[in-house]
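Engineer: coords please:
(one chain, ligands or ions: 1)
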Amino acid sequence: MPSERRTERRRRIEAAFAEFRRAVASALSAAATERARAALAHARAVVELWVRQDGVDRALASRELGAVLRNPVLAPVLREALAEREEIFAEWTGRGPAEIAELVAASAPGAASLPWERWLGTPGRHDGAAPVPELWRVGVAAVDRAPVREEFPLAVPFLDVAHLHVSTTYESRAAAEGLVESLLLRVLGHFQPGMVQIHVWDVGQLTGALPGLYPLTRAGLLTMHDPTQLHVLLDELAEHIRRIHTSVLVEGHASLRELAAATGQRTEPWRVAVLFGHRERLKDELHQKLQRIARNGLDCGVHLVIVDIPITVNSPVETIDLVSGPIGRSTMTGAHATVRLDPPPPRQAALRASAVIAEEAVRRRSRVCSFEDLLPARTWSCRSTTGLQAPVGYHDGQPVSLTLGDASPHVLVGGPSGSGKTNFLYAMLGSLAARYSPDELELYLLDFKEGVSFAQFTRGRKDPSWLPHARLVGVNVNTDREFGLALLRFLTEEMRRRADAAKRHEVTKLEELRAEDPDGRWPRIVAVIDEFQYLFSERDAVTNQAVALLEDVARRGRSQGIHLVLSSQDVSSIEAFWGKPAIFEQFILRVALPKARRVLADTNDVAMELPRRHAVVNHESGVRLGNRIARIPDATSRGTFDALQVRLWEMRSPALEEPRLFDGSQIPRLTEVRDFLALAPGGEGPPVALLGQVIDVAGSAAKVSLPRGPGRNIAVLGSSARDAGSVLAAATVSLGRQHAPGEATFTIACLIDEAGAAGEQLQRDLKEMGHEADLLDLDRLRDLLADKAERITARLSTSGAEREPPHFLVVYAADAAQAVLERKEPGAPRSGVDNLRHVLRHGPELGVHTIGWWRGVARLRAMLPLGSTDEVGAWVAFDVHGQELASLAAGQVITWSPRARRGLFFDRFEHARPEVLIPFDVLEEAR
Ligand SMILES: Nc1ncnc2c1ncn2[C@@H]1O[C@H](COP(=O)(O)OP(=O)(O)OP(=O)(O)O)[C@@H](O)[C@H]1O
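Structural biologist: Numbering: from 1, shown residues only. Next up, the predicted model:
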């Protein structure tokens, strides 16, 4: 039945459809659940992403996201985010802010971080020598996402380490000005007035910025610059940076900070330039100038506070971006902390404080700076490794320093008589001596002035103190230019010693040597020669030698830490100086006193206008750009240098010896001379006769060695019985000191009455030493010579004759015997003169040495074999002119004009040329 089948089919179809719908429905419902699940997961993932992106606190704070987050369905996301944040901040919460607060308190002491109520109104005390605060407080900050909002102080690095860049919105500009004013008040409150100078430039206005600081303008501590003249300010700053590099940072220090750390003093004030812009880029040229200052300023104490001037700089800059009023961000705290600036001190308090600082600055500046002001807070705290630096005067209350080092090794000081050169030298020496200990600095001081202006440095009759740094002090030397040569020779010798030591350590400079040999004693040496033109006062050998030595010291002293200070009243006429560029070019540092001529460059006439008691200190070879004018305090009145000297003297090491004194007016005592005291019987080598003192730094004796060999006799020439007697006595007594009694024979012959007393004194002296000493008259001398000549002949003809003890024959006024000795006695083989010649010629080989005084060169020659002078190997001449002496010095030209109490000494075995001798004081002394 077809219809039943149809029905059945339909039912099956319907069932199949029903089944299909069910299946479809079921499939559809499953898909919906999955979708809902997926949607929830997606929603949570998205919310988590937002939370992670913005931070849970920001997300909760946001109206939309906050509502979403509070949906219970998303609770796990919030829970997890909060837990995670707690975990992340666990280290920070409670501890972090406290640690920062501690750090700020330590790095920003006093006015650098304390609330203004604690310090504002009192001028700062720090002079810049102590470490500068590393941070300066500007406000507080808090980490945006921290679970607990905890504020911590925000302090920024500033002086010496970073510039500050502030950018504002329209509504936060006032807050930025408050920030700058507060920061500067902190800086001004920390340092002594004058140590910080502020320059303000505001593109929009001539005045108006930083009103709380206005009173500072009175004292020149704040300068408002013309809005149209930014380039002038930038040029000034650039020039200042250049000057610091060329005249202050000259010893290899990279920055003023490093220099202050090395030397213990800060001589240059900081300069802070505050620039207010209006968010527009500067013109290229200005932008580049500013970039250069930013790049180089920090090392030279030049700091920028830039407000609203877009600039990219390649040097440390802290940035504060103010977004709304005092709220913003800083590079110090990063992108995740909000900064809130401290409110600035009330205007009236700021004005009062600025007025107090200005007053103090004016007071300090107008106060006549005293010698005391030149002295450092801590005596002997500076190191001279890289150079010497010391203030010598003041300009506007700021110290003006002088630097001796690689870049400015030597100083030339000039000024007419009475202009204050001596006073300047005292100020300089006092300032140096108070800073550097005697292990860091040695002084060699020579004064060619008539008078004794350097006598202060040595022990005096009333004042037993002496300057511990002084190793040599020369006074009354104006007639003996050789003292200058002696000093220069000593310096060249010392340069050689230092160069040798440097070579051994494979270095080239003193600075490196000190690093390689930290236990060695390598002080810098400052050698002062006052009125040095005396050295070159004649066209003679002394001048030539002085020029050569000076050139050497000037050129090589630089690297060996040896510095010359040459001072003169008339520098202009010193031909030997200006005619030798190799010398004067080394004198980079020039000091000109009022009306000094030629000390500075020819076109620089500033010294002509200089008031009394001032000096121009110029570290740039005298060019105008290098002028620094300083008022020099009184350093010579009682209670100034002398008081310092007593203090330093009391601090000296007990091992330190007194300085050697060159006193041209003093005659050295034989018995006090080191070389004499060192003599004793049984010494090694041949006996040595001491004739007097030569002019050298060691105070050495003029020595003649008397080995058994030809020519070893000594002649003293001249008419002065006193001087000749001194040489004869010194030679004989010193020989006596080297022989035990009986080991040598002494015979004294006194041929004129004038010398009688001296001969008798010498005999007594020898006897006191235990020696046999005959005192002969002319007749006995003739007999002795005859006898000696015969014995000498006999011994010469006997080979292997026994060695006899030495015999010293001392003859006063030997020429007086000529007439008598020339007479030939009947039956005698030779005349007395022949015998003398024989003794002079052959005696020394057999230990018979004659020490004789002849009252003139011709008189000596008359008693020597014709044409011969070989018998006289060593001589001292007193009032004899140079040309007469040529024959006794192998024909060399001798320029010598006799001077009172000075002899010329020559030992042809030892010397290339004669040298000056000071006879000893040998009288009235118990030996
Ligand atoms: N800066 C100063 N403050 C106070 N007194 C000073 C100062 N400079 C110099 N004098 C005084 O002026 C006088 C002359 O100074 P000083 O002797 O230093 O000059 P000088 O150039 O060395 O002169 P001369 O070459 O004639 O010796 C001295 O009495 C000195 O005390």
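Engineer: strands of the stretch 451-600 of the chain, residue ranges please.
Structural biologist: With DSSP state E, counting those that start in this stretch as the criterion, the stretch 451-600 of the chain has strands at 470-475, 524-530, 562-568, 589-592.
Engineer: any idea which of those strands scores lowest on pLDDT?
Structural biologist: Across these, strand 470-475 has the smallest mean pLDDT, namely a mean of 92.
Engineer: strands of the stretch 651-800 of the chain, start to end?
Structural biologist: Going by DSSP E, counting those that start in this stretch, the stretch 651-800 of the chain shows strands at 660-663, 688-694, 701-705, 714-717, 745-750, 773-776.
Engineer: could you give the angle of the third one to strand 688-694?
Structural biologist: In this case it means strand 701-705. Orientation note: strand 701-705 sits at an angle of 150 degrees relative to strand 688-694 (axes from the mean of the first three to the mean of the last three C-alpha atoms, to 10 degrees).
Engineer: quick one: strands adjacent to strand 701-705?
Structural biologist: Using DSSP bridges, strand 701-705 pairs in its sheet with strand 688-694 (antiparallel).
Engineer: and the contacts of the strand it pairs with?
Structural biologist: Contacts to strand 688-694, defined as C-beta atoms under 8 Å, 6 or more residues apart in numbering, come from residues 668, 670, 673, 675-676, 679, 699-706, 714, 726-727, 730-732, 734-735, 738, 851, 874, 876, 903, 905, 915-920. (C-beta placed from N, C-alpha, C; glycine too.)
Engineer: per-residue confidence averaged over that strand?
Structural biologist: For strand 688-694, mean pLDDT is 95.
Engineer: circling back to that earlier point, please identify the most buried of the strands of the stretch 651-800 of the chain.
Structural biologist: Of all the strands of the stretch 651-800 of the chain, strand 714-717 has the most neighbours on average by mean count of other C-beta atoms under 10 Å, namely a mean of 28.
Engineer: ok so, going back, filtering the contacts of strand 688-694 by proximity to the ligand, which remain?
Structural biologist: Near the ligand, judged by C-beta under 6 Å from any ligand atom, there are no entries from the contacts of strand 688-694.
Engineer: restricted to helices, list those.
Structural biologist: 675-676, 726-727, 730-732, 734-735 (DSSP state H).
Engineer: name the nearest of the residues you listed relative to the ligand.
Structural biologist: Ranked by distance to the ligand (C-beta to the nearest ligand atom), the ones in helices among the contacts of strand 688-694 are led by residue 726 at 33.5 Å.
Engineer: need the nearest residue in space to the closest one, chain neighbours excluded.
Structural biologist: residue 919 (3.9 Å; C-beta to C-beta, 6 or more residues apart in numbering).
Engineer: just for the stretch 51-200 of the chain, where's the confidence low?
Structural biologist: For the stretch 51-200 of the chain, the stretches with pLDDT under 70 are 90, 92, 94.
Engineer: ok, the residue of it found nearest the ligand to residue 518 distance?
Structural biologist: For the stretch 51-200 of the chain and the ligand, the shortest gap (C-beta to the nearest ligand atom) falls at residue 194, measuring 20.8 Å. Distance of residue 194 to residue 518, computed by C-beta to C-beta, to the nearest Å: 37 Å.
Engineer: picking up where we left off before, columns pLDDT on top of the ones in helices among the contacts of strand 688-694, output as JSON lines?
Structural biologist: Formatted as JSON lines, those follow (pLDDT from 0 to 100):
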{"residue": "675", "pLDDT": "94"}
{"residue": "676", "pLDDT": "94"}
{"residue": "726", "pLDDT": "95"}
{"residue": "727", "pLDDT": "96"}
{"residue": "730", "pLDDT": "96"}
{"residue": "731", "pLDDT": "97"}
{"residue": "732", "pLDDT": "97"}
{"residue": "734", "pLDDT": "96"}
{"residue": "735", "pLDDT": "96"}
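Engineer: buried subset of those residues as a PyMOL selection?
Structural biologist: Here is the PyMOL command that picks out the buried ones among those, judged by 16 or more other C-beta atoms under 10 Å:
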select buried, resi 675+676+726+727+730+731+732+734+735
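Engineer: neighbour count winner among residue 194 and residue 518?
Structural biologist: Between residue 194 and residue 518, counted using other C-beta atoms under 10 Å, the more crowded position is residue 194 (23 against 8).
Engineer: three-state assignment of that one?
Structural biologist: coil (DSSP: H, G, I helix; E, B strand; the rest coil).
Engineer: what sits against the residue lying closest to residue 559 once chain neighbours are set aside?
Structural biologist: The spatial neighbour of residue 559 that comes closest, neighbours along the chain excluded (C-beta to C-beta, 6+ apart), is residue 509 at 4.6 Å. Contacts for residue 509 (C-beta under 8 Å, 6+ apart) come out as 406, 502, 559-560.
Engineer: do the same with residue 743
Structural biologist: Taking C-beta under 8 Å, 6+ apart, we find residue 743 in contact with 681, 805-806.
Engineer: swap in residue 265?
Structural biologist: Contact partners of residue 265, counting by C-beta under 8 Å, 6+ apart, are 127-129, 376, 382, 389, 435.
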